[in-house]
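Undergrad: Fold the stuff below for me.
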Amino acid sequence: MRIEFYVLSSANPADRLRAACQLAAKGWRHGLPVMLRCANVAQRDELDQLLWRFRAENFIPHDLHEDDAEAPVVLALDEAPAIQQGLLINLNPSISPHIEYFSRVIEIVNQEPDLLAACRENFRAYRQRGYDPKRVEL
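TA: Alright, predicted model coming up:
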């Protein structure tokens with residue numbers, strides 16, 4: 001499994017959501033099923049709205065997990081993916097309880113202190129589980 005931590009230079013939560021949209025679009029264009037794991041319902045709803053208007057010329061087909069768990073891009077909280085071996089974009093501060101179902105995991109890190117601390121813990125936890133997470137500067 002490939003695990004990457006994409007590190008943003010800003011602390012703005014909106015930049016994190018925009019990066020998630022860009023990565024979801026890229027994963028979908030490469031034929032991967034994509035799951036965006038959100039921290040809470042408010043973040044999920046905000047991301048849903050952002051995906052509708054993200055790029056007018058390139059609609060990103062997406063749906064909430066409870067409405068269509070097999071959509072090309074699925075917005076979820078802690079649900080297991082309906083389609084395995086896809087891409088998980090984790091916006092939740094904790095590691096997904098379903099990581100073994102994915103072939104690739106992306107954690108999006110910004111410079112907000114609490115999130116930065118949580119992501120550092122996740123990085124260590126992935127290593128303790130035998131994975132080799134990589135850091136990618138955005």
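Undergrad: Buried ones in the strand ranked longest in the chain, by neighbour count?
TA: Assignment by DSSP state E gives strand 102-109 as the longest strand of the chain. Buried residues in strand 102-109, defined by neighbour count with 16 or more other Cβ atoms under 10 Å: 102, 104, 105, 106, 107, 108, 109. From N, CA and C alone the C-beta is placed, and that goes for glycine too.
Undergrad: wait, what's in contact with residue 38?
TA: Residue 38 sits next to 44, 47, 75, 76, 77, 91, 92 when contact means Cβ atoms under 8 Å, 6 or more residues apart in numbering.
Undergrad: still on that earlier bit, determine the set of other helices and strands touching the longest strand of the chain.
TA: Strand 102-109 is packed against strand 2-7, helix 13-29, strand 86-90, helix 113-128, with contacts defined by 3 or more Cβ pairs under 8 Å, 6 or more residues apart in numbering; DSSP states H and E.
Undergrad: Low-confidence bits of the protein, can you list those?
TA: The chain contains residues with pLDDT under 70 at 55-57.
Undergrad: ok, now which ones touch the residue nearest the centre of the chain?
TA: The structure's the chain has its C-alpha centroid closest to residue 89; by Cα atoms, centre = their mean the separation is 1.6 Å. Taking Cβ under 8 Å, 6+ apart, we find residue 89 in contact with 20, 23, 24, 27, 34, 35, 36, 37, 106, 108.
Undergrad: neighbours around the first one, how many?
TA: What it means is residue 20. Using other Cβ atoms under 10 Å, residue 20 is surrounded by 26 other residues.
Undergrad: Fine, thanks again, bye for now.
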